[in-house]
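**Q** okay, sequence plus prediction incoming.
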Amino acid sequence: MSSLPSQPASAIDVSGVYAAYQRQPVLEDIHLSLPSGRWTAIVGPNGAGKSTLFHVLTGSMKPLRGRVTAFGQAIEHHRKAGRIAYMAQREAIEWDFPISVWETVMSARYGHMRQDAWWRRLLPARWHSSRHRDAVEKALNDVDMLAYAERPIGALSGGQKKRVLLARALAQEASILLLDEPLAGVDPPSERLILDVLKREREAGRTIVMVTHDMPGARRYVDHVVLINRFIRGEGAPDEMLSDSKLAELAVSSIANSPADVGRVRLPAFASKE
Ligand SMILES: Nc1ncnc2c1ncn2[C@@H]1O[C@H](COP(=O)(O)OP(=O)(O)OP(=O)(O)O)[C@@H](O)[C@H]1O
């Protein structure tokens, strides 16, 4: 990690973002610069707004206020161009749908297929261009799931499903990977495998932003840490942000976010125009 240049440009900039569900604030005054080509961990207690932050970063949730850009342009532009891959925590995927592991991962290539000749897009899946097949094969191989390529997705264990979803994000070959708890529910060997895969992706120049509750993994692998609990509670190097004292402060901040506190939130500020 020390071989990386010290001042990377930012891949994603978040400026003054507020978000709420049914007027209940979840994110307040979020300002972030997520460094390009680095691996950032987003750390916070349950209900801190981490997944909501990802919804805002992917453009699937419009903030009440504020602005999100990637490489200086509106985030929607990059999302439509397939430059941002997103692995959701509870993926909106119908696991009983009769689709194989291979086809699931191939779905990450649909954006790239728009650049293929029109006649090729009409062909059955097995005739997809070799660059798509190679990307799917590599992604499945990276997460050690190639042997399961023909299996229906419904016939996988929870940890295997997780690895397939990660393969789908990898197969997109996006410059930014947004991963919501990629390590949750996987066994220790799979966790190491996933962390090593992400390390290689980072070394290949991709920007990785990962929500995690795995502090030892984050301390060992990531370059940058954001502490969040409705507000940003800290941002910086893993050694400093994941120290016992910082994590204790974060835990105390969750008490300050208890339901009793919510009534004191400045809701009128959300409603006011900028
Ligand atoms: N669709 C929704 N409607 C209403 N409230 C919601 C909705 N989604 C999330 N919330 C609430 O917003 C808050 C933040 O939720 P979010 O999922 O962003 O937290 P999180 O940090 O990802 O939590 P966890 O670590 O448990 O996954 C929580 O209090 C949650 O109950």
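**A** In hand now; what should we look at? Numbering: from 1, shown residues only.

**Q** how distant is the longest helix seen in the chain from the center of its chain?
**A** Secondary structure of the chain per DSSP state H: the longest helix is helix 188-203. Helix 188-203 sits 15 Å away from the centroid of its parent chain (C-alpha atoms, centre = their mean, to the nearest Å).

**Q** before we move on, what about stretch 25-44?
**A** On C-alpha atoms, centre = their mean, the centre of stretch 25-44 falls 11 Å from that of its chain.

**Q** and if you look at stretch 137-146?
**A** Stretch 137-146 sits 19 Å away from the centroid of its parent chain (C-alpha atoms, centre = their mean).

**Q** for stretch 170-177, same thing?
**A** Taking mean C-alpha positions (C-alpha atoms, centre = their mean), stretch 170-177 and its chain are 11 Å apart.

**Q** downstream of whichever strand or helix holds residue 164, the next helix or strand is which one?
**A** Counting by DSSP states H and E, the element that carries residue 164 is helix 158-171. Helices and strands here follow DSSP H and E; after helix 158-171, the next one along the chain is strand 176-180.

**Q** give me the contacts around that following strand.
**A** 11-12, 50-51, 54, 57-58, 70, 78, 83-89, 166, 169-170, 198, 201, 206-211 (C-beta atoms under 8 Å, 6 or more residues apart in numbering). Placement of C-beta: from N, CA and C, glycine included.

**Q** and the gap between the residue lying closest to residue 200 once chain neighbours are set aside and residue 67?
**A** Nearest non-adjacent residue to residue 200, counting by C-beta to C-beta, 6 or more residues apart in numbering: residue 142, 7.9 Å away. Distance from residue 142 to residue 67, counting by C-beta to C-beta, to the nearest Å: 34 Å.

**Q** which one's more surrounded, the two?
**A** residue 142 (21 against 12; other C-beta atoms under 10 Å).

**Q** surely residue 132 meets residue 113?
**A** Yes. Using C-beta atoms under 8 Å, residue 132 makes contact with residue 113 at a distance of 6.7 Å.

**Q** so these two - more neighbours on which side?
**A** With neighbours defined as other C-beta under 10 Å, residue 132 and residue 113 compare such that residue 132 has more, 19 against 14.

**Q** for that one, what are its contacts?
**A** 106, 109, 112, 113.

**Q** looking at this, it is in a helix?
**A** Yes. Assessed by DSSP: H, G, I helix; E, B strand; the rest coil, residue 132 belongs to a helix.

**Q** relative to the ligand, how far out is residue 132?
**A** 32 Å (C-beta to the nearest ligand atom, to the nearest Å).

**Q** what separates that residue from residue 139, distance-wise?
**A** Following C-beta to C-beta, the distance that separates residue 132 from residue 139 is 11 Å.

**Q** now do residue 201
**A** To residue 139, residue 201 is 10 Å away according to C-beta to C-beta.

**Q** neighbour count: these two, which is higher?
**A** Neighbour count, other C-beta under 10 Å: between residue 201 and residue 139, residue 139 has more, with 26 against 18.
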